[in-house]
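Q: 3D model of this:
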Amino acid sequence: MFINRDKEIARLHQALANEKAQLIIVYGRRRCGKSTLLRSVLPKNAIYFSADLRETSLQIGALAKQIDTLLPGFSKPIYPDWETILKSLNLALKARTTLCLDEFPYLVKNNPELPSVIQKIIDEQGHDNFNLILCGSSQQMMYGLALEGASPLYGRSDEIIRIKPMAVNHLREYLNISSLETIKEFGVWGGVPRYWEIRKQSNNFEEAIRYHVLDQYGILYEEPERLFSDEMRTSVQAFSVLSLIGAGCHRISEIAGRLGKPTTQLSRLLGFLTDLGYIRREIPFGESVRSTKKSLYKIEDPFLHFYFTFLVPNKSKLEFGLIDQVLMDISRNYDKYLSGLWEELCRSAVPYLECQGNRFNPASRWWGNGIDGKTMEIDMIAESTDKRILLVGEVKWSDKVSFNEIKKLLDRKCANLPIIGNKRFVKAIFLKEKPTITLPEVFVFVPDDILSVML
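A: Numbers count the residues shown, from 1 in each chain. Here you go, the predicted structure:
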């Protein structure tokens, strides 16, 4: 079942229809559906080759045999290098086609000169008869190939498409479930299509977690190691950092202290994990990204968040097969865990919501000292696009909430907020379920409202 990716599909179709032969870079984290997307877009006469870790000569031979399906007899000669086979393909073709080299980083790993070979072919117009698509899961390498000035392919790509995890509303469509159930499921599977496929193999949520995630033979039991292996030589430090964040260490000073390292040694790794989309840096509303010292680090990817919150602390139990004990722990604490995800979903939805005819910029949390000098925290603040209004919100994920109590709490926080200036407030409350009583001066949003606008 193929869902969405409409923008990516449209851009690929447009590129492949161009009169000029194209160089297209497609990259993104593993299991996000890059290969499925490409196979759905490639024309029938395309040559699709998925690389592996074999020696270069074996890879070239395997590609030649794949080309045989389009050009019978092409694999009879022995091609000594990449330049020879690519130029020979161009000469042998009688009409434009597309060559897709999937898992391209494997080819570069065995032959670091390959990007320079492709550069030469492009510069000499040696691929006039075929579009070239380079696809890979090593985000760092693929980004470097296309966007770093020192790369041989820099400035030569016609399309660079990063395949990101999908939005939460598409999971609702895929599993055909309610908005409430979707958020519950999204807390484990996130926006990764392959995880959705794995989930769909089971009859229910708990069964899927038990069989595929908590069981030591489950397909996702060691998933973080596989993800990190795409991007770095050793995953030890990344695994350690995510374990600490999952355990509640959110400041760089806390993480560094627990690891016994200076903070300066962690800045690069934290930036790297942020670029990959595994963690995010959170700063209070109104603070400067460059100058603030109030940064917090949170796990961005829902599956990794779930894994490092519930699996890593319980690995010993799981190795002994005590899955029921771990499931019980998850059941007791899952709503608390989901509250953070619900907050982030609500903040992400704010630019697509409308309150009193106003539109707002992306929302953030705020924490610091209130007017009374005491520390306080507000779940959500966003500035209107005309900069005259602040949307201030409380976010709750609980079955038993008092709307009036939340409203009073929000009123107190607004009155104590030191960053108002001359702006007026719009107040909003984000709840798990619609309350029986509401007030006209407070906007109320529930999962149906949030998922309906999430892109």
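Q: Could I get the buried residue list for stretch 127-140?
A: 127, 129-140 (16 or more other Cβ atoms under 10 Å). All C-beta atoms are positioned from the backbone trio N, CA, C, and that covers glycine.
Q: How about stretch 186-198?
A: Per 16+ other Cβ under 10 Å, stretch 186-198 contains these buried residues: Phe186, Gly187, Val188, Trp189, Gly190, Gly191, Val192, Pro193, Arg194, Tyr195, Trp196, Ile198.
Q: What values do phi and psi take at the first one?
A: Right, the one you point to is Phe186. phi -60, psi -30 (degrees, to the nearest 10).
Q: related to what we said a few turns ago, okay if I get the buried residues of stretch 186-198 as a markdown table plus secondary structure, distance to Ser235 and pLDDT?
A: Converted to a markdown table, the buried residues of stretch 186-198 look like this (DSSP: H, G, I helix; E, B strand; the rest coil; distance: Cβ to Cβ, whole Å; pLDDT from 0 to 100):
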| residue | secondary structure | distance to Ser235 | pLDDT |
| --- | --- | --- | --- |
| Phe186 | helix | 25 | 98 |
| Gly187 | helix | 23 | 98 |
| Val188 | helix | 21 | 98 |
| Trp189 | helix | 22 | 98 |
| Gly190 | coil | 19 | 97 |
| Gly191 | coil | 22 | 95 |
| Val192 | coil | 18 | 95 |
| Pro193 | helix | 23 | 94 |
| Arg194 | helix | 19 | 94 |
| Tyr195 | helix | 19 | 97 |
| Trp196 | helix | 24 | 96 |
| Ile198 | helix | 21 | 97 |
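Q: who touches the residue nearest to Pro447 when sequence neighbours are not counted in this structure?
A: Counting by Cβ to Cβ, 6 or more residues apart in numbering, the nearest residue to Pro447 once its immediate chain neighbours are dropped is Ser179, at 3.7 Å. Contacts for Ser179 (Cβ atoms under 8 Å, 6 or more residues apart in numbering) come out as Arg172, Val446, Pro447, Asp448, Ile450, Leu451.
Q: The helix or strand hosting Asp324 - what's its average pLDDT?
A: Per DSSP states H and E, Asp324 falls inside helix 323-349. Averaged across helix 323-349, pLDDT comes to 96.
Q: Which of the residues in it are classified as buried?
A: Buried residues in helix 323-349, counted by 16+ other Cβ under 10 Å: 323, 326-327, 330, 334, 337-349.
Q: and what of stretch 309-318?
A: Neighbour count says stretch 309-318 has Thr309, Phe310, Leu311, Val312, Asn314, Lys317, Leu318 buried, by 16+ other Cβ under 10 Å.
Q: Stretch 281-300 too?
A: By neighbour count with 16+ other Cβ under 10 Å, stretch 281-300 contains the buried residues Arg281, Glu282, Ile283, Pro284, Phe285, Glu287, Leu296, Tyr297, Ile299, Glu300.
Q: now, which of these lie within strands?
A: Among those, DSSP state E puts Arg281, Glu282, Leu296, Tyr297, Ile299 in strands.
Q: can you redo those as TSV with pLDDT and distance to Gly149?
A: Formatted as TSV, those follow (pLDDT from 0 to 100; distance: Cβ to Cβ, whole Å):
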residue	pLDDT	distance to Gly149
Arg281	95	25
Glu282	96	30
Leu296	95	32
Tyr297	96	29
Ile299	97	32
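Q: And the helices in the stretch 301-450 of the chain, which stretches?
A: Counting by DSSP state H, counting those that start in this stretch, the stretch 301-450 of the chain has helices at residues 302-306, 315-319, 323-349, 403-416, 447-453.
Q: and Glu148, which of the ones you listed is closest to it?
A: helix 302-306 (26.0 Å; Cβ to Cβ).
Q: Would you mind measuring from the residue nearest to Pro447 to Ser398?
A: Using Cβ to Cβ, to the nearest Å, Ser179 is found at 16 Å from Ser398.
Q: again with Gly136
A: 43 Å.
Q: Check Ile255 too.
A: 30 Å.
Q: between those two, which one's more packed in?
A: Ile255 (22 against 13; other Cβ atoms under 10 Å).
Q: What mean pLDDT does whichever strand or helix holds the more buried one get?
A: Using DSSP H and E, Ile255 maps to helix 252-259. For helix 252-259, the mean per-residue pLDDT is 95.
Q: now it, how far from the chain's geometric center?
A: 25 Å (Cα atoms, centre = their mean, to the nearest Å).
Q: name the helices or strands packed onto it?
A: Other helices and strands packing on helix 252-259, by 3 or more Cβ pairs under 8 Å, 6 or more residues apart in numbering; DSSP states H and E, are helix 236-246.
Q: Now the helix it packs on: buried residues?
A: Gln237, Ala238, Val241, Leu242, Ser243, Leu244, Ile245, Gly246.
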